[in-house]
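Engineer: Pasted the sequence and its predicted model underneath.
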Amino acid sequence: MFLRGVSKSTFFQSVNYLQNLGPITLIKKKIGGYYTMESQILLSDATIVSGELKKRL
């Protein structure tokens, strides 16, 4: 299996695209003196396993 890295901007563009489609949401949290992003998957396990995700994307 071949893995390649992506730039930070490309990664966040992809995450933002998924957020706009609706399967995930991003939450900005402050931990100590720093901010971090947490992602939450908004689809049920049944939706992901059944292949419904492919239909939505």
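Structural biologist: Done, it's in. Numbering: from 1, shown residues only.

Engineer: next one: stretch 8-26 to chain centre, how far?
Structural biologist: Centre-to-centre, stretch 8-26 and its host chain are 5 Å apart (C-alpha atoms, centre = their mean, to the nearest Å).

Engineer: tell me which residues of it are tucked away?
Structural biologist: When burial is assessed from 16 or more other C-beta atoms under 10 Å, stretch 8-26 yields the following buried residues: 18, 24. Any C-beta I mention is one placed from the backbone N, CA and C, and that applies to glycine too.

Engineer: Any idea how far apart the tips of stretch 26-42 sit?
Structural biologist: End-to-end span of stretch 26-42 (C-alpha to C-alpha, to the nearest Å): 10 Å.

Engineer: Can you name the residues in contact with it?
Structural biologist: Applying C-beta atoms under 8 Å, 6 or more residues apart in numbering, the external contacts of stretch 26-42 come out as 15-16, 19, 22-25, 48.

Engineer: residues in contact with V15?
Structural biologist: For V15, counting by C-beta under 8 Å, 6+ apart, the contacting residues are 24, 26, 39.

Engineer: Show the pLDDT at Y35.
Structural biologist: Looking at Y35, its pLDDT is 92.

Engineer: bridging residues for it?
Structural biologist: For Y35, the beta-bridge partners are K30 (DSSP bridges).

Engineer: So it versus R4, what's the distance?
Structural biologist: Per C-beta to C-beta, to the nearest Å, Y35 is found 28 Å from R4.
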